[in-house]
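Participant: Give me a 3D structure for the following:
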Amino acid sequence: MVFHTISEVDNFIHSLVYLGQGSQGVCYRDKDSKFVYKFYHSYFDGDFEAGYEKETILQFRDIVSATFVFPKDVIMLEHQVIGDVTFYKRAKNLCQLNPLDVNLNHFIKLIRLAIKDIDTLSKRGIQAYDMMYNILMGYRIYIIDTLEYSMGHKSYEELLRSNLYGFHLEVMYFLVDGLFLEVVYSHSKLKDMYQSRGKDGSIVDFIVEFKNHLEKLLGKDIVYLREAKVLRDNFLDEEQLKYERDIMVLERLLNHKG
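Facilitator: The predicted structure is shown next:
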């Protein structure tokens with residue numbers, strides 16, 4: 001889509017619904033919830049010479065993936081790229097979700113589906129980048145902000161290991177950080193898996209082992225982490241937290257209201 005003046009762009013933005021912003025830009029959706037329009041920070045800074053090339057942004061537009069949300073179009077101000085367009089997904093960033101409310105069995109199923117797509121991406125020679133804080137969960141798990149993705153020069157095995165790393169790490173932090181670190185560190189296998197920070201391991205194996213250990217300690221089966229609230233960390237140093245959760249979620253967790 002092409003705009004010819006800054007006022008046209010600004011009027012269009014005012015017709016949209018604000019979603020949020022990240023390292024690359026500010027996102028809005030249309031009122032019909034069909035598309036997300038991301039305007040790069042360079043546009044708002046008035047730096048129209050900075051940014052991304054159209055060919056780079058759209059290099060993966062034809063890849064069909066249920067997990068990865070690649071741009072399908074670019075937003076132009078005359079001949080300058082100022083943003084991109086993706087399909088809207090009714091989902092929330094993991095860091096905006098309360099992990100105590102997640103159905104672990106369903107979560108594992110969604111993770112397995114996402115890993116299949118990460119594997120497919122790796123087989124196509126694509127190097128993912130900056131996956132942390134760009135993982136959404138709704139009907140499925142979605143991975144957004146793919147502007148830095150590129151064709152890798154590694155073997156399939158190396159690409160898969162690299163592409164899984166950020167995914168594994170965020171899921172671990174999402175479930176454990178500030179919640180069940182003491183439980184994890186009291187179990188040698190879980191401790192080793194957690195300290196590996198998601199490298200060369202299976203996140204599914206970690207969650208299954210974690211869930212089984214919680215159930216053993218509780219003496220009952222669980223589906224949601226909130227059913228294991230009694231096992232939460234006794235002491236929490238906010239300065240030691242590794243995962244940046246939404247401030248409202250963090251406040252509930254810190255006050256044990258989750």
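
Participant: now the strands: where do they sit in the stretch 101-250 of the chain?
Facilitator: Along the stretch 101-250 of the chain, counting by DSSP state E, counting those that start in this stretch, strands occupy 126-127, 135-137, 141-143, 150-151.

Participant: which residues touch the residue nearest to Gly152 when sequence neighbours are not counted?
Facilitator: Among residues not flanking Gly152 along the chain, Gln127 sits closest, at 3.4 Å (Cβ to Cβ, 6 or more residues apart in numbering). No exception for glycine: its C-beta is placed from N, CA and C like everyone else's. Contacts for Gln127 (Cβ atoms under 8 Å, 6 or more residues apart in numbering) come out as Tyr149, Ser150, Met151, Gly152, Lys154, Leu159, Ser162, Asn163.

Participant: Skipping adjacent residues, who's closest to the third one in space?
Facilitator: This points to Met151. Distances taken as Cβ to Cβ, 6+ apart place Gly125 nearest to Met151, at 5.5 Å, with adjacent residues excluded.

Participant: okay, the strands of the stretch 101-250 of the chain, which one's buried deepest?
Facilitator: strand 141-143 (a mean of 24; mean count of other Cβ atoms under 10 Å).

Participant: Which elements pack onto that strand?
Facilitator: For strand 141-143, the packing partners by 3 or more Cβ pairs under 8 Å, 6 or more residues apart in numbering; DSSP states H and E come out as helix 104-123, strand 135-137.

Participant: and among those, the most buried is which?
Facilitator: Neighbour counts (mean count of other Cβ under 10 Å) averaged over each of these peak at strand 135-137, with a mean of 21.

Participant: Would you pull up how far that strand lies from the middle of the chain?
Facilitator: What separates the centre of strand 135-137 from the centre of its chain is 5 Å, taken as Cα atoms, centre = their mean, to the nearest Å.

Participant: Quick one: mean pLDDT for that strand?
Facilitator: For strand 135-137, the mean pLDDT works out to 97.

Participant: Okay, now the sheet partners of that strand, with direction.
Facilitator: Applying DSSP bridges to the sheet, strand 135-137 is found paired with strand 92-93 (antiparallel), strand 141-143 (antiparallel).

Participant: Worst mean pLDDT among those?
Facilitator: Minimum mean pLDDT among these: strand 92-93, a mean of 94.

Participant: helices and strands around the lengthiest strand in the chain, which ones?
Facilitator: Counting by DSSP state E, the longest strand found in the chain is strand 80-87. Under the contact definition 3+ Cβ pairs under 8 Å, 6+ apart, strand 80-87 sits against strand 35-40, helix 41-44, helix 54-57, strand 73-77.

Participant: ranking the ones you listed by burial, who's on top?
Facilitator: Of all these, strand 35-40 has the most neighbours on average by mean count of other Cβ under 10 Å, namely a mean of 21.

Participant: and the direction of it versus that of strand 73-77, what angle?
Facilitator: Put simply, strand 35-40 runs at 50 degrees to strand 73-77, going by axes from the mean of the first three to the mean of the last three Cα atoms, to 10 degrees.
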